[in-house]
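> Generate coordinates for the sequence data below:
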Amino acid sequence: MISRRNIRVKVMQTLYAMDTMEQETVKPGTATSLLNEKLDQTCQIFTYILYTLARVAQYAETDAQARANKHLPSEQDLSVNTKVAGNDFVFQVLGDKGFQVNLETWKLRRLEDLDLTRKLYNQLTETEVYKTYIAEPARDKASEKHIIEYIYKHILEKNELFRQHMEDSFLHWGDDEDMMGILVGNYLSKPQLFNFLQLISREKLEYARDLLATVVNKKDYCMELIKPKLQNWDPERIAAVDMLLMEMGVCEFLYFPTIPTKVTINEYIDLAKAYSTPQSGQFVNGILDNILKDLVQANLVEKTDRNKK
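Numbers count the residues shown, from 1 in each chain. Reported below is the predicted structural model:
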């Protein structure tokens, strides 16, 4: 569910945070604790997005009740269509015990901005897609799924107020934003298979912790391999993120036999482009490629096909 790229970002952020901490404040377990917090936030964001989708849909009932309670309600006030509030996927997610545990554990209900929920709902009701949906009294799985997908992709994702709300509520929203569409799509395809209490598989969680621990423990050795390749570059003037990404890449070359070296290089090029300077992608590519050639020549790179394990 949660991608390896996202995990690499979380490990990079953890390492960067560790580098900026006062040495006396770093204790055994500090790195793992920081990593867990960052991985937890990805799960929090996903849970909260689904909660927001449900709340926007449920607002149809709130709107209907408010209109009916007017002193002199019009015929239109008394005939608000509340079909979306009973959407199958809304019932599915709100009835999931793991989902409810996450809401309570992380106190996510407190984040809701009721005025924003109202605005999102009102924006939805003005669309032709919504009008077509409520015009059909019957329910079928395809249309139930389509309207929830539409709310996410065309109402939430494109609403600047919602995006600002997410940025204000979650420190690293920008790092997780792109992946949320994939997770929402996966959930709507097979909601019954989702385990909200384990949104990160054991395999990927183990990978995250192993990568973090390896970079921390092998930092000196990695720097021995990296520094000779910097030529006229002053290590102190190289972007800190570039150095961390190269250390992570070297560790994947040497200590993660199931990850192909090409995948490693491509991933860290993309991360350098996204999180460092405009020239960082090319710089990280050149350094890692040179190091890899030396490691291969010295028979230090051993890769296995994880599909055959």
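
> So, low pLDDT: which residues of the stretch 1-150 of the chain?
Scanning the stretch 1-150 of the chain for pLDDT under 70 picks out no residues.

> mind checking how far the residue nearest in space to the middle of the chain is from I2?
By Cα atoms, centre = their mean, the mean C-alpha position of the chain lies nearest to D176, the distance being 3.0 Å. Shown here: D176 relative to I2, a distance of 9 Å by Cβ to Cβ, to the nearest Å. Placement of C-beta: from N, CA and C, glycine included.

> longest helix anywhere in the protein?
Longest helix in the chain by number of residues (criterion: DSSP state H): helix 30-68.

> Show me what it packs onto, helices and strands only.
If you count contacts as 3 or more Cβ pairs under 8 Å, 6 or more residues apart in numbering; DSSP states H and E, helix 30-68 packs onto helix 4-20, helix 88-94, helix 97-105, helix 114-125, helix 160-169, helix 173-189, helix 202-217.

> can you redo those as JSON lines with distance to E149?
Below are the helices and strands packed on helix 30-68 laid out as JSON lines (distance: least, Cβ to Cβ, whole Å):
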{"stretch": "helix 4-20", "distance to E149": "21"}
{"stretch": "helix 88-94", "distance to E149": "9"}
{"stretch": "helix 97-105", "distance to E149": "18"}
{"stretch": "helix 114-125", "distance to E149": "13"}
{"stretch": "helix 160-169", "distance to E149": "16"}
{"stretch": "helix 173-189", "distance to E149": "6"}
{"stretch": "helix 202-217", "distance to E149": "25"}
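
> out of those, nearest to N195?
Closest to N195 of these is helix 97-105 (Cβ to Cβ; 6.1 Å).

> Which helix or which strand is home to G281?
For G281, the host element (DSSP states H and E) is helix 280-297.

> In that helix, which residues are buried?
280-281, 283-285, 287-288, 291-292, 295 (16 or more other Cβ atoms under 10 Å).

> which one among the residues you listed gets closest to L188?
G281 (33.7 Å).

> Please report the distance of the closest one from A239.
12 Å.

> And for E247?
13 Å.

> Looking at those two, which has the bigger crowd around it?
The neighbour count for E247 versus A239, taken as other Cβ atoms under 10 Å, is higher for E247 (23 against 16).

> low-confidence ranges in the stretch 201-309 of the chain?
Scanning the stretch 201-309 of the chain with the threshold set as pLDDT under 70 gives 234-236, 306-309.

> do that again at 80, thanks
231-237, 305-309 (pLDDT under 80).

> follow-up on the earlier one: need the overlap of contacts for D176 and I2.
Residues within reach of D176 and of I2 at once, by Cβ atoms under 8 Å, 6 or more residues apart in numbering, are T42.

> hang on, the earlier thing: tell me how far the helix holding G281 is from the chain's mean position?
The chain centroid and the centroid of helix 280-297 are separated by 28 Å, computed with Cα atoms, centre = their mean, to the nearest Å.

> From the contact counts, what lies against it?
Packed against helix 280-297 by the contact rule (3+ Cβ pairs under 8 Å, 6+ apart) you find helix 219-226, helix 240-255, helix 261-275.

> To D140, which of these lies closest?
Of all those, helix 261-275 sits nearest to D140, with 39.6 Å by Cβ to Cβ.

> Between helix 4-20 and that closest one, find me the angle.
Helix 261-275 runs at 60 degrees relative to helix 4-20, counting by axes from the mean of the first three to the mean of the last three Cα atoms, to 10 degrees.

> Which other helices and strands does helix 261-275 contact?
helix 4-20, helix 240-255, helix 280-297.

> Mind putting those into TSV with distance to A31?
Listed next are these as TSV, based on distance: least, Cβ to Cβ, whole Å:
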stretch	distance to A31
helix 4-20	6
helix 240-255	13
helix 280-297	22
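
> Relative to L193, which of these is closest?
Closest approach to L193 among the helices and strands packed on helix 261-275 is made by helix 4-20 (19.9 Å; Cβ to Cβ).

> Pick the most buried one from the helices and strands packed on helix 280-297.
Comparing these by mean neighbour count (mean count of other Cβ atoms under 10 Å), helix 240-255 ranks first with a mean of 23.

> the inter-axis angle of it versus helix 280-297?
Using the same axes, to 10 degrees: helix 240-255 against helix 280-297 is 20 degrees.

> Residues contacting helix 240-255, please?
8, 11-12, 15-16, 19, 210-211, 214-215, 218-219, 222-223, 225-226, 235, 259, 261, 264-265, 268, 271-272, 275-277, 280, 283-284, 287-288, 291-292, 295, 300-301.

> what's the closest of the helices and strands packed on helix 261-275 to A135?
helix 4-20 (39.2 Å).

> wait, doesn't I49 sit right on L156?
Yes: the pair I49 / L156 is scored as a contact, 7.3 Å apart, by Cβ atoms under 8 Å.
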